[in-house]
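Trainee: Can you look at this prediction? I've put the sequence above it.
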Amino acid sequence: MTGRTLRRRRSPGTGYGLLAAGGGLLLLMLVSLGVGARGLPVAVILDAFLAFDPGISDHLLVRELRFPRTLVAVLVGGALGVAGVIMQAVTRNPLADPGLLGINAGAALAIVAGIALGGVSGMAGQFTLGCVGAGLASVGVYLLGGLRQGINPVRVVLAGAAVTVMLMALAQILIINSQDPVFDQFRHWAVGSLQGRGRPLLLPLWLLVLAGMVLAGYLARALDLMALGGDLGRALGLRPRLVWLLAAVAIVLLAGAATAAAGPISFVGLAAPHLARGLAGPDHHRLLPCTALLAALLTLFADILGRLVIHPGEVGVGIMVALIGGPFFIAMARRRRLLHL
Amino acid sequence: MSRLRSSVWVWAPGRCSLRLCPRSMAAATVLSLLTLAGLLVSLSVGQVEIGPDRIVRILAGTDPDAMARRILLDIRLPRGLTAVFVGAALAVSGAVFQSVSRNALGSPDLIGFTTGAASGAIVQIVFFRSGAAGVMVAAVAGGLLTAVVVYALAARRRVVGSYRLVLVGIGMGSILSALNGLMLAKGALDNAIMANLWLAGSLSARNWGHVVPVMLGCILLIPVIVLLARQLSLVEMGDDLAAQLGVRVERVRLVMVLCAVILAALATGAAGPIAFIALAAPQLAGRLTPAGRLPVMVAAAMGALLMVIADLIGHVLPLGVSLPIGRLTGVVGGLYLIWLLSRSRTL
């Protein structure tokens, strides 16, 4: 935790690392366009954009399905990563992930209720329900956590855990007392999947994530101060209540939209910030973009791999993220001390 | 060796020490009495009403009614005692893990235990379609195996840092829970629904075979944890400082984690995965006791009380829906924690 890590933080390697991650992301996006139940060569992909012919099914496949799906993967990953950084910074808890604000549970309960009671089955309907549920649950956690009065990270963690467990239990009770198809739909949502997530989701997802990212960028300095602790932060001009409010809004925008779009992908928000801290150090101006890149990379990579492992079937991106990220995370934890907050 | 010092009784034979603080004892006593009352209600209500006086007579063996006797001794008592001991075991296990991880979110799941147990059970149900006993054994084996693997992976030069243990546990937990999700999503719908029901936990149709292991575990292991609790709360200050104060950090941590995992395993075997007790009971107990020590006994009583209340709600309320115990403890414990949070301003 001394000389070695300090050198790493200051080293010019951060810039190259970011560049490499960005390049890798672009390359993966190209790969993602070509990979799937039906593999496509690069020439066809380029043609689909440069010389689009609506009569050719491969062109339609690329433009209408693969391209939106790739963008959704990148957006979802980046959003979850950034939300994770914010959550870990404001709660000062390295184990916090965006789900802590009750987002996953709120979305799950809203979607289960929609399926079981209202017969909602379309992608757009589930997205709307998920957003509303996530938002409501996080408002509950925000109020319960006493964030209007001031800050107490432990209280937020507890409130989040309480609300999450309660909502998930209600969702499960609803499932157990419903017809079998309800569980059938829920189990496929619950593993996190990008299959069929395309055009209709892209615009709302894009807007929500953009708003969240802008807010996160605005908060970067405040998050640095937050890490110093309550008193020192206040002495340096931090207004904890305002930061908490804005941070909560940003997390809901980012993680809520991502979860509503792709189901609960819990591991990205937790692991990507830890990995990024090894590359960019604790400064949030660098940590936020670095996490967004790494998280998008991880999510897209997982999605591509998920399309290949049981070809021509698919494994949900939530599962693949955990299967790839998990061992990597364990290896990191074993090799050296991850940076404390 | 017993002496009174600032309202705390201390008994220190050798390396271990037992500190009895009046406030903790009062809290534990009140909670235990409440648990007992809840248990009595739970034993007496049902299709056949058996009043408290008859319960006493049946237990003393002086009641002539063979049917009431069988209902009480073969059905209700095993169920009630399973609830009590499972609650206590999970709560103590959670208290230990919250101390080891120095994190309010600590629970046996931190080192992948609950997820591993679920993996074992899901594999049995989805692939082998085996019966209840097989599922129980597979769950306990899966949980213990996961815990051992996590502990081994976290050890480096025979030293296991708390922080590394938690991180490795989280990594392992998410891998396993992904596999669980995969098995549930790709398995046949009937089997997946069966597995989902097991994951909800259950107290119905328990017999003495369910009660005895977890009861013995509680009786044998909780005293060990009580005796070592003070050393573990010193470890919370940091490994180096605790070592300077004469605590054998690694050994204490290993023994405590081992006891806690065995308790969690026995509880899971008896009633399925009921995670929330482990999270909530120590936190609630912490509110009732002075800060700075591990509230083992109070947590145990609180866990037992939560389980008994949840069980009572589950089989007394005439709602006409099935309310599995694992989900119900989630709702009850969650509501209580929320109520507590909304009342207290100084948490």
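Mentor: Thanks, I have it.

Trainee: Report how many residues lie close to B:Ser101.
Mentor: When neighbours are defined as other Cβ atoms under 10 Å in any protein chain shown, B:Ser101 has 22 of them. Using the backbone N, CA and C atoms, a C-beta is placed for each residue, glycine as well.

Trainee: Quick check: it touching B:Leu165?
Mentor: Yes. With contact defined as Cβ atoms under 8 Å, B:Ser101 reaches B:Leu165; the gap is 7.5 Å.

Trainee: The residue most central in space within chain B: helix or strand, and which one exactly?
Mentor: With distances taken as Cα atoms, centre = their mean, B:Leu90 lies nearest the centre of chain B, 0.7 Å away. Using DSSP states H and E, B:Leu90 sits in helix B:77-101.

Trainee: for that helix, packing partners?
Mentor: Helix B:77-101 sits against helix B:22-44, helix B:162-186, helix B:208-235, helix B:249-271, helix B:276-288, helix B:296-316, with contacts defined as 3 or more Cβ pairs under 8 Å, 6 or more residues apart in numbering or on different chains; DSSP states H and E.

Trainee: Now do it, average pLDDT.
Mentor: Averaging pLDDT along helix B:77-101 gives 90.

Trainee: what residues does the helix or strand following that helix touch?
Mentor: Following helix B:77-101 in sequence order, the next helix or strand is helix B:113-123 (DSSP H and E). Applying Cβ atoms under 8 Å, 6 or more residues apart in numbering or on different chains, the external contacts of helix B:113-123 come out as B:107-109, B:135, B:138-147, B:172-173, B:176-177, B:179-180, B:183-184, B:195, B:198-199, B:261, B:264-265, B:268, B:272-273, B:275.

Trainee: Recalculate using a threshold of 6 Å.
Mentor: Residues outside helix B:113-123 that contact it (Cβ atoms under 6 Å, 6 or more residues apart in numbering or on different chains): B:108, B:135, B:138-139, B:141-143, B:146-147, B:173, B:176-177, B:180, B:183, B:195, B:198-199, B:261, B:264, B:268, B:273, B:275.

Trainee: Same question for stretch A:42-58.
Mentor: Contact with stretch A:42-58 is made by A:Leu33, A:Gly34, A:Leu40, A:His59, A:Val62, A:Arg63, as judged by Cβ under 6 Å, 6+ apart.

Trainee: Might you list the low-confidence residue ranges for the stretch 151-300 of chain B?
Mentor: Judged by pLDDT under 70, the stretch 151-300 of chain B has its weakly predicted residues at B:157-162, B:275, B:291-293.

Trainee: if you set the cut-off to 50 instead, what comes out?
Mentor: Residues of the stretch 151-300 of chain B meeting the criterion pLDDT under 50: none.

Trainee: Enumerate the residues of the stretch 101-250 of chain B near chain A.
Mentor: Along the stretch 101-250 of chain B, the residues adjacent to chain A under the rule Cβ under 6 Å from any Cβ of the partner chain are B:104-105, B:153, B:164, B:167-168, B:171, B:174-175, B:178, B:181-182, B:184-185, B:189, B:193.

Trainee: most surrounded residue in those residues?
Mentor: Within these, most neighbours by other Cβ under 10 Å means B:Val168, with 29 neighbours.

Trainee: Not counting its neighbours along the chain, what's nearest that one?
Mentor: Once flanking residues are discounted, B:Val168 sits nearest to B:Ala154: 4.3 Å by Cβ to Cβ, 6 or more residues apart in numbering or on different chains.

Trainee: Then A:Ile173?
Mentor: Of all residues not flanking A:Ile173 in the chain, B:Arg327 sits nearest, at 5.1 Å (Cβ to Cβ, 6+ apart).

Trainee: ok, the one you found - contacts?
Mentor: By Cβ under 6 Å, 6+ apart, the residues touching B:Arg327 are A:Ala169, A:Gln172, A:Ile173, B:Ala200.
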